[in-house]
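Asks: build the 3D model from these lines:
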Amino acid sequence: MQFLLESLTELITQTATNLPPDVREAMSQALGTELPHTQASQALNIIASNIDMAAEEEGPICQDTGMPTFVVHTPVGVNQIVVKKAIREAVAEATKRGKLRPNSVDSLTGKNSGNNLGEETPVIHFEQWPPRKKAGQCARPHWRRKNRYYRAASSARRCRARSGDRNCRSAFASI
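Replies: Presented below is the predicted three-dimensional model:
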């Protein structure tokens, strides 16, 4: 449980304070194409500066860090109560550390919890996959259409690596 809590807290910290490399590259390209000394250029420079400071100091990139939302993919049998408790504790801890801004407000009372916890906050969705039925069969269904190409492909590779079965159902066939 402690490892899960620490991992979730680190995940929240990274998502709130550090943009992925492709987004940073897009910002850099936008800065390079904008005319100097314009309002747009000034705004992009301020945003780029905020992004750099957030990454260096592990502070939130934005004033509004958004609604914490988790989509948890698990095999059947994982205790969702334990996972949900760890997620809620990690959100509260990340808020306490200043990685998330305390912006969860009760819509009826107008009160801010101060820790981003409330009724149905954070948003947590669980998706399970069925257990293996035969030896060598993939545990996670690669045929689900809502899986994106890269998720399905990496799942297929992991499944083949785990089971050693080169005939593991390919993700590419169903996309």
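
Asks: verify the stated contact: residue 127 with residue 73.
Replies: Yes - Residue 127 is in contact with residue 73 according to CB atoms under 8 Å; the separation is 5.1 Å. From N, CA and C alone the C-beta is placed, and that goes for glycine too.

Asks: which one of those two has more residues nearby?
Replies: residue 73 (14 against 10; other CB atoms under 10 Å).

Asks: the more buried one contacts residue 129, doesn't it?
Replies: Yes - assessed by CB under 8 Å, residue 73 is found in contact with residue 129 at 7.2 Å.

Asks: for the chain, longest helix please?
Replies: If each helix of the chain is counted by residues according to DSSP state H, the longest one is helix 39-57.

Asks: pLDDT below threshold where in the protein?
Replies: Applying pLDDT under 70 to the chain picks out residues 65, 132-175.

Asks: walk me through the domains of it.
Replies: Listed by automatic domain parsing, the domain ranges of the chain are 2-57, 133-175.

Asks: which parts of this structure are strands?
Replies: Ranges of strands within the chain are 69-75, 123-129, based on DSSP state E.

Asks: I'd like to know which of these is closest to residue 13.
Replies: Closest to residue 13 of the strands of the chain is strand 69-75 (CB to CB; 14.4 Å).

Asks: adjacent strands (with direction) for the closest one?
Replies: strand 123-129 (parallel) (DSSP bridges).

Asks: give me the contacts around the partner strand.
Replies: 67-76, 78, 80, 83-84, 87, 139-141 (CB atoms under 8 Å, 6 or more residues apart in numbering).
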